[in-house]
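**Q** Give me a model of this one.
(one chain, ligands or ions: 1)
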Amino acid sequence: MVASDAEARRDLARECALAGFEAAHPATVVREEVALDGGRLRIGGATIDCDDYETVVVLGGGNAASQVAAALEDVLGDALAGGVVVTDDPAETERVDVRPGDHPVPSERGVASTQALCEAADAVDERTLVLAVITGGASALLPAPAAGLTLADLRATTDALLDSGATINEVNAVRKHCSALKGGRLAARLAPARVATLVFSDVVGDDLSVIGSGPTVADPSTYADALAVLDDYDVAVPEAIRGHLERGAAGERAETPGADDPAFERVSTHVLATNRTAVDAAVGRAREAGYEPLVLSTRVRGEAREAAKTHVAIAEEALATGDPLSPPCVVVSGGECTVTVRGDGEGGPNLEFALSAALELDGETALCAVDTDGIDGATAAAGAVVDAATLADRRAARRALRENDALPVLDDADALVTTGATGTNVNDLRVLVVG
Ligand SMILES: O=C(O)C(=O)CO
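**A** Below is the predicted model of the structure:
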């Protein structure tokens, strides 16, 4: 293998991934998807006449919420009166109040910020157009304990759910039924205002009622579903939570609003960016570089180290037989892999994906695996770029993988992709460059 060819493949893998980050950044997305033209607000294919409303405000939360708010300020200018968003990744804004919260476990300051959001929500009326910004992370960043519950109850429940192996749909069925805001309750609070919800999806499959626990979306799940999740996964939660859910299932608490609830009569939902946004941009960069691209799937999930082997197998097949496409080619996938933590090391799903791939790769292939929010697991890296030459000591690398300690090995190999918080969050992205 010629060293410069290998380097070019690694560079291209990284460039494709970074193109994905840029395309999914709120500044890029909002510039493309939202425009104000003579009082008419275009959001994707829909149009709302701002002149029908006295006030336009932005309310919401999520990792990317303040970046979306800043981009909306640019588009709307004086037409935007203000608003409140809660985030852990603050951007500079002029009109919208950016308040702090924490993720993935809710915090005291998140509760205070969400209280400010609720007060702003209670101040709107039918002459208000609310742009409700919901991005990944909103479930933890917008904690509003239901009556009788405390932040400590929510924190203990979040911790237990995140360790349980339950899917995000299941986790959020519980969170929605412990909240005064999630599962459509924010929409109920905002009615009769006109609400246009702007969504950045970090959920595989983009179920609107799951993204950020769907504060403005009708909720198909029930208290009984929430209890079933706790039972199916043996999740130990505080007595107050179980009691609350049991009373809800017995009909003593109001259900989250469903599709026929009048709360949603004046609510529309607009998905501005998904994993596909990043995947398409990565494909575009590959094409520019003269490589035939293939989108494998935007729904790859499961144990990261195993999914990595499947990706390597696809590259091997391409090199050996030209199926599913002939090299030089670029295979892109998205979705969200998980890690079953057994050791006590530093890593995340993308770092484990990359390390597992590096142990298998042989031949003219480079792979980049990154989290589009720039923070894989709880590390300071977005992910890594690897190839057959990345690992100097394979035994040590295998041991690191066993101990969930991918970060130091990939750092020593100078393989990390380190971007810092990217301002967006549309799940994971992997790029295989096959020479
Ligand atoms: O990230 C969150 O807040 C979710 O619950 C999924 O969008």
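**Q** Quick check: residue 54 touching residue 126?
**A** No: using CB atoms under 8 Å, residue 54 makes no contact with residue 126, being 9.5 Å away. Quick note: C-beta positions are derived from backbone N, CA and C, even for glycine.
**Q** What residues of stretch 326-335 count as buried?
**A** 327-335 (16 or more other CB atoms under 10 Å).
**Q** ah, wrong one, I meant stretch 271-284
**A** For stretch 271-284, using 16+ other CB under 10 Å, the buried residues are 271-283.
**Q** which one of the residues you listed sits closest to residue 312?
**A** residue 282 (18.1 Å; CB to CB).
**Q** That closest one touches residue 429, doesn't it?
**A** Yes: using CB under 8 Å, residue 282 is in contact with residue 429, at 6.3 Å.
**Q** Can you check which residues contact both of the two?
**A** Common contact partners of residue 282 and residue 429 (CB atoms under 8 Å, 6 or more residues apart in numbering): 17, 20, 332.
**Q** Tell me which helix or strand residue 28 sits in.
**A** Assigning secondary structure by DSSP states H and E places residue 28 in helix 26-33.
**Q** counting contacts, what elements does the helix or strand just after that helix pack onto?
**A** Next helix or strand after helix 26-33 toward the C-terminus (DSSP H and E): strand 34-37. When contacts are defined as 3 or more CB pairs under 8 Å, 6 or more residues apart in numbering; DSSP states H and E, strand 34-37 packs onto strand 40-43, helix 65-76.
**Q** give me that answer again for 10 Å
**A** strand 40-43, strand 46-49, helix 65-76 (3 or more CB pairs under 10 Å, 6 or more residues apart in numbering; DSSP states H and E).
**Q** of all the ones you listed, which lies closest to the ligand?
**A** Among the helices and strands packed on strand 34-37, helix 65-76 comes nearest to the ligand, with 10.8 Å by CB to the nearest ligand atom.
**Q** Let's test this: mean pLDDT of the closest one, rounded?
**A** Helix 65-76 carries an average pLDDT of 98.
**Q** now that helix, how far from the chain's geometric center?
**A** Its chain's average C-alpha position is 18 Å from that of helix 65-76, according to CA atoms, centre = their mean, to the nearest Å.
**Q** Helix 26-33 and that helix, what's the angle between them?
**A** For helix 65-76 against helix 26-33, the angle by axes from the mean of the first three to the mean of the last three CA atoms, to 10 degrees is 40 degrees.
**Q** Just the buried residues of helix 65-76, please?
**A** 65-73, 75-76.
**Q** and residue 255, what is it in contact with?
**A** Residue 255 makes contact with 177, 183-184, 219, 221-224, 248-249, 261, according to CB atoms under 10 Å, 6 or more residues apart in numbering.
**Q** Among those residues, which one is most surrounded by other residues?
**A** residue 183 (31 neighbours; other CB atoms under 10 Å).
**Q** So that one, which state does it fall into?
**A** coil (DSSP: H, G, I helix; E, B strand; the rest coil).
**Q** Assess the claim that it and residue 173 are in contact.
**A** Yes: counting by CB atoms under 10 Å, residue 183 does reach residue 173; the two are 8.5 Å apart.
**Q** Quick check: neighbours shared by the two?
**A** Shared contacts of residue 183 and residue 173, defined by CB under 10 Å, 6+ apart, comprise 209, 213, 219-222, 226, 256.
**Q** which residue ranges form the helices in the stretch 1-150 of the chain?
**A** Ranges of helices in the stretch 1-150 of the chain, per DSSP state H, counting those that start in this stretch, are 3-23, 26-33, 65-76, 108-122, 138-141.
**Q** out of those helices, deepest packed?
**A** Most buried of the helices of the stretch 1-150 of the chain, by mean neighbour count (mean count of other CB atoms under 10 Å): helix 138-141, with a mean of 29.
**Q** Tell me the buried residues in the next helix or strand after it?
**A** Following helix 138-141 in sequence order, the next helix or strand is helix 151-162 (DSSP H and E). For helix 151-162, the neighbour count (16+ other CB under 10 Å) marks 153-158, 160-161 as buried.
**Q** Select, out of the helices of the stretch 1-150 of the chain, the one closest to the ligand.
**A** Of all the helices of the stretch 1-150 of the chain, helix 138-141 comes closest under CB to the nearest ligand atom, at 3.2 Å.
**Q** who in the chain is up against the ligand?
**A** Contact residues (CB under 6 Å from any ligand atom) of the chain with the ligand: 136-140, 168, 172, 202-203, 211-213.
**Q** nearest to residue 383, of the residues you listed?
**A** Distance to residue 383, by CB to CB, is smallest for residue 202 among the residues of the chain next to the ligand, at 15.4 Å.
**Q** Just give the closest residue to the closest one, not the sequence neighbours.
**A** residue 136 (2.8 Å; CB to CB, 6 or more residues apart in numbering).
**Q** Give me the phi and psi angles of the one you found.
**A** Main-chain dihedrals, residue 136, degrees, to the nearest 10: phi -50, psi 140.
**Q** and if you look at residue 202?
**A** Dihedral angles (degrees, to the nearest 10) for residue 202: phi -120, psi 20.
**Q** That one contacts residue 140, correct?
**A** No: counting by CB under 10 Å, residue 202 does not reach residue 140; the two are 11.9 Å apart.
**Q** Spatially central, which residue of the chain would that be?
**A** residue 202 (2.7 Å; CA atoms, centre = their mean).
**Q** tell me the contacts of that one?
**A** Per CB under 10 Å, 6+ apart, neighbours of residue 202: 62-64, 135-138, 168, 210-212, 273-275, 336, 371-373, 424-428.
**Q** Residue 370 now?
**A** 13-14, 17-18, 20-21, 278, 348, 350-351, 353-354, 376, 381-385, 416-417, 419, 422, 428-431.
**Q** Take those and keep only those in helices.
**A** 13-14, 17-18, 20-21, 278, 350-351, 353-354 (DSSP state H).
**Q** returning to that earlier point: pull the most distant pair out of the residues of the chain next to the ligand.
**A** 140 and 203 (14.1 Å).
**Q** just to revisit the earlier point, state the distance from the residue nearest to the centre of the chain to residue 285.
**A** For residue 202, the distance to residue 285 equals 22 Å [CB to CB, to the nearest Å].
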